[in-house]
Structure formats: structure tokens, C-alpha cells
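Trainee: below are the sequence and a predicted model; questions follow.
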Amino acid sequence: MTSEAISAPTRADTASALRNLGHCFVEHDLSGELLERIRSIAWELTGAIRASPPIRRSADDLVGEIPESRPPDGAVMDHFPGCPVSGKDNPMSLAVVARRDGDDVVAHVTFEAACSGIPGFVHGGPVAAVFDDVMGFVLASMNGLSGYTATMTVSFKMPVRIGDKIAPLKVVAAPDVYEQCPRPRRGADKPQGRVRVVGGLSMFGVIARITQWHSRSKLAGVGIAGVEHL
């Protein structure tokens with residue numbers, strides 16, 4: 001096979017390889033020789049990458065990244081390629097896969113070694129990050145709104161195991177209530193609003209308050225409708 005016949009790897013392919021490398025690094029006891037080899041290669045490649053043109057993303061790009069219409073039912077959704085939670089081009093992302101399911105968003109994720117807190121279980125930070133990211137899909141991909149999380153409260157009721165490929169974590173997010181809040185006066189505190197949680201939760205309780213990016217006079221409430229192991 002000639003070199004021309006070999007397809008070049010995509011950024012997502014390379015990010016996936018680096019992601020797996022990171023998890024393996026955390027999970028295994030490495031010899032000094034192997035550590036030096038990894039260190040040397042990593043710094044060499046870092047220099048080459050920094051010499052390449054940078055990818056620039058501004059706050060204004062956020063509006064352009066919001067789809068004009070809802071994706072087809074069952075379609076995979078993506079915030080932006082470099083998203084730290086679901087971005088397929090980000091080697092440090094959690095590789096969350098989110099799909100539209102009617103009016104809801106269903107996401108699946110398998111947490112690997114680098115997400116470990118208590119031995120064998122996932123640190124609460126990555127779990128909360130998944131909730132935050134999936135609720136963002138409800139706001140942006142499903143409802144065409146730009147925004148950022150103002151507050152989020154998570155009640156952890158059951159631990160999540162590391163590397164559970166047979167039963168990955170399933171998160172279902174649904175819109176709850178959208179409230180019009182008074183436009184804040186100059187120097188006043190940020191607008192406040194109530195957010196209800198949709199349905200009963202089997203593993204976690206999540207309450208989030210999301211403020212629109214271009215208009216802080218509105219708050220969008222989004223709730224996690226269910227979290228379970230498949």
C-alpha cells in the first residue's frame with residue numbers, strides 16, 4: 001500500500017489516541033526508561049505543535065455555533081470540537097456522546113482511569129461536568145439559545161464506577177421552565193429565578209440556573225430528568 005492510499009488521521013482520531021494515552025499513563029506503573037521516552041517525545045511534539053497556526057475562538061463565535069434548527073431525532077450533537085467535556089477534537093475531554101431523543105437529550109459516557117477519585121470510582125467533578133454539558137445541549141442545540149451556567153447544585157446519591165463499558169452512565173436532560181426576570185439595574189446583583197427539577201432522579205439530583213449569553217434579563221432552567229447505568 002502506497003503512502004497516498006493511507007488516509008490521514010483526523011484531529012478527532014489523534015485526540016482519541018492522546019486521550020487513551022493519558023488514561024493509560026494514570027493507570028499503569030511505568031519504568032523510568034519509558035517515562036523518559038514519553039517525556040522526550042511529548043516535549044518534541046509540543047514544540048512542533050506550537051509552531052503551527054493557532055485555532056482562535058472568540059465569544060462571538062458562540063452564536064455561530066448554535067444550530068439554526070433542531071438536529072434530526074437520534075443525531076449526535078456537538079457544542080464545538082474543542083469542548084472540554086464532549087469535544088471530539090479535545091484529547092482532555094470526557095468523550096461524552098449526546099443525541100437528540102424527541103424533546104430531550106440523552107448522553108452516554110464511560111469514565112476512564114484519569115477521572116478516578118476514590119479508588120474504583122469517579123471523582124464528582126467530572127460527573128458534574130457531564131451534567132453541565134448535557135444541559136447545555138438542551139439550551140443550545142434543542143432550543144437555539146446561547147448561554148452559560150450561572151449556578152448548578154448536584155446532590156450525589158450513588159457513586160459511579162470507573163471504566164464501566166458494559167453499563168456506561170446514561171444522562172437524560174430536559175427543558176424545565178423558562179422565566180422572564182427583570183432587567184438588572186446598574187450595580188445590582190445578577191437576576192434571580194427559580195428552577196425546578198424534572199421528574200424523579202434515581203442516582204443524582206441536579207438543579208441548574210443558566211443565564212443567556214446576550215441577555216442577562218432571562219434565565220433558562222434545565223433539569224436532569226434521569227441518570228442511570230445501562
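Mentor: Cool, the structure landed. These figures come from a predicted structure and were not determined experimentally. Residues are numbered from 1 along each chain as shown.

Trainee: give the burial count for residue 172, as a bare number.
Mentor: Residue 172 is flanked by 18 other residues according to other CB atoms under 10 Å. (Each C-beta comes from the backbone N, C-alpha and C, glycine too.)

Trainee: pretty sure it sits in a strand.
Mentor: Yes: looking at residue 172 with DSSP: H, G, I helix; E, B strand; the rest coil, it is inside a strand.

Trainee: confidence score at it?
Mentor: Confidence at residue 172, expressed as pLDDT, is 75.

Trainee: now residue 201
Mentor: Model confidence at residue 201 (pLDDT) stands at 33.

Trainee: correct me if wrong: residue 162 contacts residue 118.
Mentor: No: contact criterion CB atoms under 8 Å: residue 162 and residue 118 do not qualify, at 9.6 Å.

Trainee: so residue 95 touches residue 12, yeah?
Mentor: No: with contact defined as CB under 8 Å, residue 95 does not reach residue 12; the gap is 9.9 Å.

Trainee: identify the contacts common to those two.
Mentor: residue 88 (CB atoms under 8 Å, 6 or more residues apart in numbering).

Trainee: those two - which one has more neighbours?
Mentor: Neighbours per residue, other CB under 10 Å: of residue 95 and residue 12, the larger number sits with residue 95, 20 against 15.

Trainee: now that one: which helix or strand?
Mentor: Using DSSP states H and E, residue 95 maps to neither a helix nor a strand.

Trainee: now residue 134
Mentor: helix 124-139.

Trainee: could you tell me the average pLDDT over that helix, please?
Mentor: 85.

Trainee: just to revisit the earlier point, more neighbours: residue 162 and residue 118, which one.
Mentor: residue 162 (21 against 10).

Trainee: just list the residues touching that one, thanks.
Mentor: Contacts of residue 162 (CB under 8 Å, 6+ apart): 111-113, 115-116, 120-122.

Trainee: got CSV for those residues, with secondary structure too?
Mentor: Output for the contacts of residue 162, formatted as CSV (three-state DSSP):
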residue, secondary structure
111, coil
112, coil
113, helix
115, helix
116, strand
120, coil
121, strand
122, strand
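
Trainee: can you tell me which of these lies nearest to residue 144?
Mentor: Nearest to residue 144 among the contacts of residue 162: residue 111, at 30.3 Å, using CB to CB.

Trainee: now residue 100. Its backbone dihedrals?
Mentor: phi -80, psi 140 (degrees, to the nearest 10).

Trainee: surely it is in contact with residue 71?
Mentor: Yes: judged on CB under 8 Å, residue 100 makes contact with residue 71 at a distance of 5.2 Å.

Trainee: shared neighbours of these two, which are they?
Mentor: What both residue 100 and residue 71 touch, as defined by CB under 8 Å, 6+ apart, is the set 77, 141.

Trainee: who's more crowded, these two?
Mentor: Neighbour count, other CB under 10 Å: between residue 100 and residue 71, residue 100 has more, with 20 against 15.

Trainee: report pLDDT for the more buried one.
Mentor: 89.

Trainee: now it, which residues is it bridged with?
Mentor: residue 105 (DSSP bridges).

Trainee: next, work out how far apart it and residue 143 are.
Mentor: Distance, residue 100 to residue 143, by CB to CB, to the nearest Å: 12 Å.

Trainee: all helices of this structure, in order?
Mentor: Ranges of helices in the chain, per DSSP state H, are 11-27, 32-50, 61-64, 124-139.

Trainee: average model confidence for the third one?
Mentor: When you say that, I think you mean helix 61-64. Helix 61-64 comes out at a mean pLDDT of 67.
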